[in-house]
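K.L.:
Quick one, structure for this:
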Amino acid sequence: MRGWTGAELPNDAQLRAQRRSWTCALEDFAGVNGTGVLIAPDLVLTNFHVIQKLQKSLQDNPRRLADARIHFDYFQQGAGESFGLAATDWLPAFSPFAKRDLNIQEPPAPDKLDYAVIRLARRIGEEPLPAGNAAGWPDGTKPAKRGWLILPAPETRPTTGANIVLYHHPCGFVENQFQSLPMGETRGRVTEVDVGWLRVAHDANTQHGSSGAICYGDNLEPIALHHAGDPESALGEQFPNQRPLPPGQRAIPLGAIVAQLCHSPIYQSMLPAKDPPIRTIFDPTQEAIKLELLKTRHKRAMALLDRDDPQWDILDSINTANSVVHAIACRSVDGLEFFMRRLREASLGLKQLPRPELQERISRFLNEGLSENGWGDGSASVDTRLTPVDAAAKIVRKIESEIRQDQGTVFAIGQTFARFDFERERQLITEVARCCTPLLGTGQAKFQVFFIYQDNAPTPRKWAAERASVAELWASPPPKGSNLGQCLNFDDMSRDQMKGWISAINNAFQINSEDLCNRMDDIFADQKIPFAALEPKLRDITKVFCEITRK
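P.N.:
Okay, here's the model as predicted:
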């Protein structure tokens, strides 16, 4: 969902439906209304200033707690269902707002983040969506349960200029009664990030009642908690004597909130529920089947290994979003085949997904081998008898004949350093990128072209200079509009490159991650390892992916 063009990615409708089903209206919190979002089966995140008046009133009138209602599925007037708060421990975590939120002359208070986590009387996140809920999936089906929003990692921070969308319940008059209105959707941009104050300014239009709405960024990833607007802020309405408020709409980075919440006992309940470990039962006489399954799962696990951090630049970088031609240098023992398998079969990085959905997709790939939107193989090669321009034209004709509208295609063009000529290769690849422009058309045809330069030397030094020069074939980032992507030199594997792999394996199989990390430490011993040497070492470790229970 880059650029808010109005065109939705295939999974945008589902993401939007999920987030709408998690958003709720907070009604009659001692006369204050606001917005919240479900972040655990029975926990809702909102602003502290929305619930503060109720918290204070309970000292004199405990019965006020029963009047507060949490209204879900409120998509139109009269729709949805309201839930009450838990009778005990209804406010398990909160952080008050800062004085600076009311008066810009006050000093910053980074620990004052204006959030509250309130507990519901029911665990509705584990319940199915009710009949008539407008937040069904695009195919007309509904999820097994409502679920809840997974908050981002503590280190996540919004960036200036980022696109945002809010789902919120502003207040207004209905039959002369001031109340929460059905869910609205507002879009805008982050205009400023104040790191010292831990506040974000944005220009999305909000109203009284919007406090507590989530600001979603690209691909509807949650990035901030809206908490104030100017001039009709709910925060300002409660404390009119302390105006003027700082100008603009404001929010709190969710990463900062999570950094506080992760030390709370309730934090574990906010994380995705883990499925029980996979147990595959084998007949002891079917040893061949058992070995084949282990081999298959090992192969899938190898496809998930990140070759290098810049791999994500190829797959997910905004700077290379329209680039289709890349150049990669590697040692033949570095196992580039697994990188290509990731592109062709897993396709896990080629489509941006929020963390929970990505983890689910990786787990499904490891367990079942299902590959959503997998990319097929294409065939193309360099005719060394031709000039760079003519050879490029021949490659692009081959690409044009094999690209498909219904499936992406990966063209891996193998090269060696035996006859490597820097200027010739630069001209060849640049011309291929230029000639690919007409094939991109309306964006319906999906394809990626990788020129892969492998050395077959027994030592890493022989072609070191040539491998390094591939990474300098063009400037980084590539020229805009050139269709050129990344040019990289892959080296041996390091321990740091295994972090994502360990996390994926643990999420899929719930193995002992500490033991797995210790095994990794033993294997690497602070050294880089050629893939050919690493792969057999990992084969022994991946045996634990399949728990064998004999009948």
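K.L.:
can you give me the helices in the stretch 401-550 of the chain?
P.N.:
Counting by DSSP state H, counting those that start in this stretch, the stretch 401-550 of the chain has helices at residues 422-435, 437-440, 464-470, 499-509, 513-524, 531-541.
K.L.:
Generate a markdown table for those, with distance to residue 101 as supplementary columns.
P.N.:
(Glycine included, C-beta is placed from N, CA and C.) Output for the helices of the stretch 401-550 of the chain, formatted as a markdown table (distance: least, CB to CB, whole Å):
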| stretch | distance to residue 101 |
| --- | --- |
| helix 422-435 | 50 |
| helix 437-440 | 47 |
| helix 464-470 | 52 |
| helix 499-509 | 36 |
| helix 513-524 | 40 |
| helix 531-541 | 50 |
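K.L.:
Unless I'm misreading it, residue 394 sits right up against residue 384, doesn't it?
P.N.:
No - Residue 394 sits out of contact with residue 384 when judged by CB atoms under 8 Å, with a separation of 11.2 Å.
K.L.:
average pLDDT across stretch 367-383?
P.N.:
The predicted model gives stretch 367-383 an average pLDDT of 78.
K.L.:
Not counting it itself, show me its contacts.
P.N.:
Contacts of stretch 367-383 with the rest of the structure, by CB atoms under 8 Å, 6 or more residues apart in numbering, involve 10, 278, 296, 300, 343-347, 350-351, 361, 364-365, 390-391, 394-395, 398-399, 402-404, 407-415, 428, 446-449, 508.
K.L.:
so how far is that stretch off the chain centroid?
P.N.:
23 Å (CA atoms, centre = their mean, to the nearest Å).
K.L.:
With just CA atoms, put that stretch into CSV.
P.N.:
Written as CSV, here are the backbone C-alpha positions of stretch 367-383 (Å, rounded to 0.1, in the frame of the first residue of the first chain):
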residue,chain,number,x,y,z
ASN,A,367,5.0,-27.3,7.4
GLU,A,368,3.0,-27.8,4.2
GLY,A,369,5.2,-26.4,1.4
LEU,A,370,2.4,-24.1,0.2
SER,A,371,3.8,-21.2,-1.8
GLU,A,372,1.4,-18.3,-2.2
ASN,A,373,2.1,-16.2,-5.3
GLY,A,374,5.1,-18.3,-6.0
TRP,A,375,7.3,-17.1,-8.9
GLY,A,376,8.0,-19.5,-11.7
ASP,A,377,11.3,-20.1,-13.5
GLY,A,378,12.1,-18.3,-16.7
SER,A,379,14.9,-19.2,-19.2
ALA,A,380,17.3,-16.6,-20.6
SER,A,381,21.0,-16.6,-21.3
VAL,A,382,23.7,-14.3,-22.7
ASP,A,383,24.8,-14.8,-26.3
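K.L.:
Can you give me the neighbour number for residue 470?
P.N.:
In terms of burial, residue 470 registers 26 neighbours under the definition other CB atoms under 10 Å.
K.L.:
can you pull the contacts of it?
P.N.:
Going by CB under 8 Å, 6+ apart, residue 470 touches 327, 328, 329, 425, 453, 487, 488, 489.
K.L.:
Leaving out the residues flanking it, which one is nearest to residue 188?
P.N.:
Here the nearest residue to residue 188 in space, its sequence neighbours aside, is residue 204; by CB to CB, 6 or more residues apart in numbering that works out to 3.1 Å.
K.L.:
Shouldn't that neighbour be within a helix?
P.N.:
No - according to DSSP: H, G, I helix; E, B strand; the rest coil, residue 204 belongs to no helix; its state is coil.
K.L.:
State the phi and psi torsions of it.
P.N.:
Summarising the backbone geometry of residue 204 under the convention degrees, to the nearest 10, its torsions are phi -70, psi 140.
K.L.:
With residue 214 instead?
P.N.:
As for residue 214, its main-chain torsions (degrees, to the nearest 10) stand at phi -90, psi 140.
K.L.:
Same question for the one 10 residues further on.
P.N.:
With angles defined as degrees, to the nearest 10, residue 224 sits at phi -160, psi 160.
K.L.:
Cross-check the contact I'm expecting between it and residue 212.
P.N.:
No - the pair residue 224 / residue 212 is not scored as a contact, 11.6 Å apart, by CB under 8 Å.
K.L.:
mind giving me the domain ranges of this structure?
P.N.:
Domain segmentation of the chain under automatic domain parsing yields 12-270, 274-305+497-551, 310-357+374-492.
K.L.:
Out of those, which gets the lowest mean score?
P.N.:
domain 274-305+497-551 (a mean of 73).
K.L.:
Tell me how far it lies from the chain's centre.
P.N.:
On the basis of CA atoms, centre = their mean, domain 274-305+497-551 sits 24 Å off its chain's mean C-alpha point.
K.L.:
now swap in stretch 259-275 and tell me
P.N.:
Remark: stretch 259-275 is offset 18 Å from the chain centroid, using CA atoms, centre = their mean.
K.L.:
Which residues belonging to that stretch are considered buried?
P.N.:
259, 260, 261, 266, 267, 269, 270 (16 or more other CB atoms under 10 Å).
K.L.:
And the closest residue to the first one other than its chain neighbours, how far from residue 513?
P.N.:
So the one you mean is residue 259. Across the structure, with CB to CB, 6+ apart as the measure, the residue nearest residue 259 apart from its sequence neighbours is residue 154 (4.0 Å). Note on residue 154: its distance to residue 513, by CB to CB, to the nearest Å, is 19 Å.
K.L.:
Restricting to C-alpha, output stretch 262-275 in CSV.
P.N.:
The C-alpha atoms that make up stretch 262-275 are tabulated as CSV, following Å, rounded to 0.1, in the frame of the first residue of the first chain:
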residue,chain,number,x,y,z
CYS,A,262,7.0,-5.3,27.4
HIS,A,263,8.0,-5.1,31.1
SER,A,264,4.3,-5.6,32.1
PRO,A,265,2.9,-9.0,33.1
ILE,A,266,0.1,-8.6,30.5
TYR,A,267,2.5,-8.3,27.6
GLN,A,268,2.7,-12.0,26.8
SER,A,269,-1.1,-12.1,26.3
MET,A,270,-0.7,-9.6,23.5
LEU,A,271,1.6,-11.8,21.4
PRO,A,272,0.2,-14.2,18.8
ALA,A,273,-0.9,-17.5,20.2
LYS,A,274,1.4,-20.4,19.3
ASP,A,275,0.0,-23.5,17.8
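K.L.:
burial of the residue nearest to residue 188, as a residue count?
P.N.:
Residue 204 has 23 neighbours, counted by other CB under 10 Å.
K.L.:
And for residue 297?
P.N.:
21.
K.L.:
backbone phi and psi for it, please?
P.N.:
The phi/psi pair for residue 297 (degrees, to the nearest 10) is phi -70, psi -40.
K.L.:
if I read this right, it contacts residue 366, doesn't it?
P.N.:
Yes - applying CB under 8 Å as the test, residue 297 and residue 366 come out as touching, 6.7 Å apart.
K.L.:
Report the central residue of this structure.
P.N.:
residue 354 (2.7 Å; CA atoms, centre = their mean).
K.L.:
Look up how far residue 149 lies from that one.
P.N.:
As it turns out, when the distance is counted by CB to CB, residue 354 lies 9 Å from residue 149.
K.L.:
go on, residue 454?
P.N.:
Here the distance between residue 454 and residue 149 works out to 44 Å (CB to CB).
K.L.:
higher neighbour count, the two?
P.N.:
Relative neighbour count places residue 149 above the other of residue 454 and residue 149, with 23 against 20, counting by other CB under 10 Å.
K.L.:
sec struct for the more buried one, please.
P.N.:
Under the three-state scheme (three-state DSSP), residue 149 adopts coil.
K.L.:
Pull up the pairing partners for the longest strand seen in the chain, direction included.
P.N.:
In the chain, ranked by residue count with DSSP state E as the criterion, the top strand is strand 184-194. The strands that strand 184-194 pairs with in its sheet are strand 163-168 (antiparallel), strand 199-202 (antiparallel) (by DSSP bridges).
K.L.:
And these: which comes nearest residue 78?
P.N.:
The minimum distance between residue 78 and the strands paired with strand 184-194 falls on strand 163-168, with 18.9 Å, by CB to CB.
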